[in-house]
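K.L.:
for reference, the sequence and a predicted model appear below.
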Amino acid sequence: MSFSIKKQGDIVVVDVEGQLIVGNRQELKQKVLDELERGEKKFLIDFSQTGYIDSSGLGVLVSLSKKIREQGGELRLANLNDDLKTLFELTKLDTLFQIADSRERALETF
Amino acid sequence: MSFSIKKQGDIVVVDVEGQLIVGNRQELKQKVLDELERGEKKFLIDFSQTGYIDSSGLGVLVSLSKKIREQGGELRLANLNDDLKTLFELTKLDTLFQIADSRERALETF
Amino acid sequence: MRSVLTTDPDPPFSALRVRVELEIPSDVRCIERVVELVAQQCQYLEYNPRQIALNVPVALTEALSNAILRGNHEDPGKNVQVRAEVTREQLVVEVADEGDGFDLDECTLDPTVGEALMREDGRGLFLMRRLMDRIERFYNHRNIVRMTMRRHD
Amino acid sequence: MRSVLTTDPDPPFSALRVRVELEIPSDVRCIERVVELVAQQCQYLEYNPRQIALNVPVALTEALSNAILRGNHEDPGKNVQVRAEVTREQLVVEVADEGDGFDLDECTLDPTVGEALMREDGRGLFLMRRLMDRIERFYNHRNIVRMTMRRHD
Ligand SMILES: Nc1ncnc2c1ncn2[C@@H]1O[C@H](COP(=O)(O)OP(=O)(O)O)[C@@H](O)[C@H]1O
Ligand SMILES: Nc1ncnc2c1ncn2[C@@H]1O[C@H](COP(=O)(O)OP(=O)(O)O)[C@@H](O)[C@H]1O
């Protein structure tokens, strides 16, 4: 599993490849917080290459979203497959995040 | 698993796709015997797409080779991978068959 | 002349049971491989794709991380044992740690309402309960969490 | 700005045992799926590729076809039970049929010499012996052939 981070315009785009779980969620968190510290405000996490997410992965998304909002920024999610959508619905986290069907849509509407 | 049979010049070429084992060896035998009855004399069995061969698969090759020779024909084998070569060596059947490294070599020297 | 012969599809097994027993160090990096192994067994037994991609991986990851973090406190001297039994009827997975256990009936906080929705933690047991058909906890030499899920087509 | 983070490789299991138990009808078309299942388990436990591609498939096919053809005489009322236990040390597979059994020590014909080389049959037990480290036969409710093979890297 790995994360790749790049910038598109003024948006930081993170791809999560593989699982986002207890064993690696800290890396994602740190990486995004580093960007936030550098002054970045707009974040998009793309899950098109993600397998599954556990509760601690979800927890990191919640806490990142809070921290980003505190800095006047925004975190959006894109490309959740049906299983991941179900996971967000089960936990009602679909009500907490802006979730776009595609990366393009998420980038456009930022 | 499946067998495909085609003719190249005056040589009947059989590809064994998958396993050659007790569950399907009879099909191979029948198909080759049909061709032999039709008067074909030269046979090449290509194992490049073969997984494993069991004792009854080996047995069919032995009996086909005998029957073909009785009709004045010849059976050659080609493209045994290392594992299959080992199988022929263990059973000393490498001494019974003409085994070519490639289909082309087998066809050329017929 | 060109002909292809293909044999009939294989008849099904009349019965099949796969048991996996394993022991891992108290290291969360081991979780993914365990999950992959158990999910693969479910695939052999033709569980529903969603069960293989969502229910099993997430619930098992929760049970394993609780065992490693809450049960064993990542103590390198302690390990976690996993036993999975997979049949065409159901999956039963037991995760055993060397901790003192906990009261499952007290951990019923709903992380989907109020303040809890904004918390970073507290979704593990909730997800296990939602993704499996049954969760049990008992003590038998070790603290054991057992999860049961019926196979869906 | 472009960065990729990759986590460390997963630490190994400290112990792992996979058991497969299955029952198949007395139908040789079932053999391939059983072989695939057992070979896949050996792959998980990182057996040598040759063991996975040659030793296990061929020896197990022999044992299964003997059980189906010689033991059960393809009687649809009889089945064959298979149990495989795979660890990092060894594979033990037992194939149990409902026949009368046979004397393993009497079946020692060498199919590589003389007339036998030209025969169609008689290579099954020979291959099992050459491809496995040990072959045993005993009776325990059923006629059982047990094959043991040490794992190679
Ligand atoms: N294996 C375990 N050993 C000890 N305590 C556990 C175990 N599993 C769960 N718990 C307890 O149950 C609580 C709730 O767990 P969970 O719902 O997974 O949320 P989280 O782990 O995020 O707090 C944990 O905080 C812990 O106190
Ligand atoms: N499961 C079994 N039940 C009864 N007899 C068996 C069994 N397995 C092997 N045998 C006996 O051992 C003989 C040798 O088997 P094998 O070496 O596989 O050669 P083949 O099956 O080609 O004759 C068989 O012919 C049969 O008499």
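P.N.:
Yes, it's here. Ligands and ions are numbered 1, 2, ... in the order given.
K.L.:
who touches the longest strand belonging to chain A?
P.N.:
Scanning chain A for the strand with the most residues, using DSSP state E, yields strand A:11-20. Strand A:11-20 is contacted by residues A:1-7, A:28, A:31-32, A:35, A:40, A:42-54, A:57, A:60, A:103, A:107, A:110, C:32, C:57, C:61, D:1 when judged by CB atoms under 8 Å, 6 or more residues apart in numbering or on different chains. Placement of C-beta: from N, CA and C, glycine included.
K.L.:
quick one: secondary structure of the spatially closest residue to C:Arg70 that is not a sequence neighbour?
P.N.:
Nearest-residue entry for C:Arg70: C:Gly99, 6.7 Å, with adjacent residues in sequence omitted and distances by CB to CB, 6 or more residues apart in numbering or on different chains. Put simply, C:Gly99 is coil when judged by DSSP: H, G, I helix; E, B strand; the rest coil.
K.L.:
contacts only, for C:Gly99.
P.N.:
C:67, C:70-73, C:143.
K.L.:
buried ones among those residues?
P.N.:
C:67, C:70-72, C:143 (16 or more other CB atoms under 10 Å in any protein chain shown).
K.L.:
pLDDT and secondary structure added to these, as TSV?
P.N.:
As requested, those are exported to TSV (pLDDT from 0 to 100; DSSP: H, G, I helix; E, B strand; the rest coil):
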residue	pLDDT	secondary structure
C:Ala67	98	helix
C:Arg70	97	helix
C:Gly71	98	helix
C:Asn72	98	coil
C:Asn143	98	strand
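K.L.:
for chain C, which segments are assigned as helices?
P.N.:
C:31-44, C:49-50, C:56-65, C:124-131 (DSSP state H).
K.L.:
report pLDDT for A:Met1.
P.N.:
Listed pLDDT for A:Met1 reads 66.
K.L.:
nope, C:Val82 is what I meant
P.N.:
What the model reports as pLDDT for C:Val82 is 97.
K.L.:
and the gap between it and chain B?
P.N.:
32 Å (CB to the nearest CB, to the nearest Å).
K.L.:
who's in contact with the residue of chain A found nearest chain B?
P.N.:
Using CB to the nearest CB, the single residue of chain A nearest to chain B is A:Gly51, 29.5 Å away. The neighbourhood of A:Gly51, defined by CB under 8 Å, 6+ apart, consists of A:1, A:18-19, C:53, C:57.
K.L.:
tell me the two of the residues you listed that are most distant?
P.N.:
The span of these, defined through CB to CB, is set by A:Met1 and C:Ala53 at 15.3 Å.
K.L.:
which parts of chain C are strands?
P.N.:
So, for chain C - with DSSP E - the strands run C:2-6, C:15-25, C:79-87, C:90-97, C:134-140, C:142-150.
K.L.:
for the ones you listed, which one sits closest to D:Ala39?
P.N.:
strand C:15-25 (13.9 Å).
K.L.:
and that closest one, what does it pack against?
P.N.:
helix C:31-44, strand C:79-87, strand D:15-25 (3 or more CB pairs under 8 Å, 6 or more residues apart in numbering or on different chains; DSSP states H and E).
K.L.:
quick one on the thing from earlier: and the helices of chain C, which one averages the lowest pLDDT?
P.N.:
Among these, helix C:31-44 carries the lowest mean pLDDT, at a mean of 93.
K.L.:
does chain D have contacts with that one?
P.N.:
Yes. Helix C:31-44 is in contact with chain D by CB under 8 Å from any CB of the partner chain, via C:32-34, C:37, C:40, C:44.
K.L.:
skipping adjacent residues, who's closest to the residue most central in space within chain C in space?
P.N.:
Nearest residue to the geometric centre of chain C (CA atoms, centre = their mean): C:Leu60, 3.0 Å. Nearest residue to C:Leu60 in three dimensions, chain neighbours excluded: C:Val35, at 5.2 Å (CB to CB, 6+ apart).
K.L.:
with C:Pro57 instead?
P.N.:
Using CB to CB, 6+ apart, the nearest residue to C:Pro57 is A:Tyr52, at 4.3 Å.
K.L.:
what ranges in chain A fall below the confidence cut-off?
P.N.:
By pLDDT under 70, the low-scoring segments of chain A are A:1.
K.L.:
one more time with 90, if that's ok
P.N.:
A:1-2, A:109-110 (pLDDT under 90).
K.L.:
and chain C, by the same measure?
P.N.:
C:1-16, C:44-45, C:107-109, C:114.
K.L.:
near chain A, which residues of it?
P.N.:
Residues of chain C that fall close to chain A, judged by CB under 8 Å from any CB: C:28-29, C:31-32, C:50, C:53-54, C:57-58, C:61-62, C:65, C:69, C:111-113, C:117-124, C:126-127, C:130-131.
K.L.:
ok, now which ones touch A:Lys85?
P.N.:
A:94, A:99.
K.L.:
buried sites along the helix or strand that contains it?
P.N.:
Taking DSSP states H and E as the criterion, A:Lys85 maps to helix A:82-90. Neighbour-count burial for helix A:82-90 flags A:83-84, A:86-88, A:90 (criterion: 16+ other CB under 10 Å).
K.L.:
any idea of the angle that helix forms with strand A:11-20?
P.N.:
Interaxial angle, helix A:82-90 versus strand A:11-20 (axes from the mean of the first three to the mean of the last three CA atoms, to 10 degrees): 100 degrees.
K.L.:
ok, helix A:82-90 near ligand 1 or not?
P.N.:
No. Using CB under 6 Å from any ligand atom, helix A:82-90 stays clear of ligand 1, coming no nearer than 13.4 Å.
K.L.:
restricting to C-alpha, output that helix in CSV.
P.N.:
The C-alpha trace of helix A:82-90 is given here as CSV (Å, rounded to 0.1, in the frame of the first residue of the first chain):
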residue,chain,number,x,y,z
ASP,A,82,-19.9,0.7,-3.7
ASP,A,83,-18.4,-1.2,-0.8
LEU,A,84,-16.6,2.0,0.5
LYS,A,85,-19.8,4.0,0.0
THR,A,86,-21.6,1.4,2.2
LEU,A,87,-18.9,1.8,4.8
PHE,A,88,-19.5,5.6,4.9
GLU,A,89,-23.2,5.1,5.0
LEU,A,90,-23.0,2.6,7.9
